[in-house]
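>>> Next come a sequence and a model predicted from it.
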Amino acid sequence: MTLTVRRVAGPVAVAATAALGTLLLAVVDPNQPGHYPLCPFYALTGMYCPGCGSLRAVHDLAHLDLSGAWGMNPLLVVTVPFLLVTWVLWMRRQWRGVPRTSMAHPAWLWALAALVITFWVLRNIPALAPWLAP
């Protein structure tokens, strides 16, 4: 096994896993009851977590239904392009054999946490943002 192949094994494994998961969600509709388990947070509290609706959103994206995906989980729809760009940059860095020189700045991580928590709270207050609930 060549060095380059070993270096890109991680990004390729992540892409293969994402592709297989997306294929499964494209074929086995999460809108039909009984195929996937209920969100544990929703089952315990009756409130939506930031991930609620993600399976249905990925199913809609796999069928190129952007508005349907947006209706299920807008945070996921906004996040997907960033994940794709991050994966491409990771793959390129691994292909070239360039070591990682920095980590995400803590301010970005705090901003991301604040965004997710704000989304989480707002999607559970129908009077403020009814369009955020799946």
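Done, it's in.
>>> Counting neighbours, what do you get for the closest residue to residue 123 other than its chain neighbours?
Leaving aside its sequence neighbours, residue 123 sits nearest to residue 132 (C-beta to C-beta, 6 or more residues apart in numbering; 3.7 Å). Using the backbone N, CA and C atoms, a C-beta is placed for each residue, glycine as well. Residues contacting residue 132 under the criterion other C-beta atoms under 10 Å number 21.
>>> got it, and residue 109?
11.
>>> residues of the worst-scoring helix or strand of the chain on mean pLDDT that come out buried?
For the chain, using mean pLDDT, DSSP states H and E, the weakest element among its helices and strands is helix 3-7, scoring a mean of 82. Buried residues in helix 3-7, counted by 16 or more other C-beta atoms under 10 Å: residue 7.
>>> picking up where we left off before, run through the residues that contact the residue nearest to residue 123.
Shown in contact with residue 132 (C-beta atoms under 8 Å, 6 or more residues apart in numbering): 74, 119, 122, 123.
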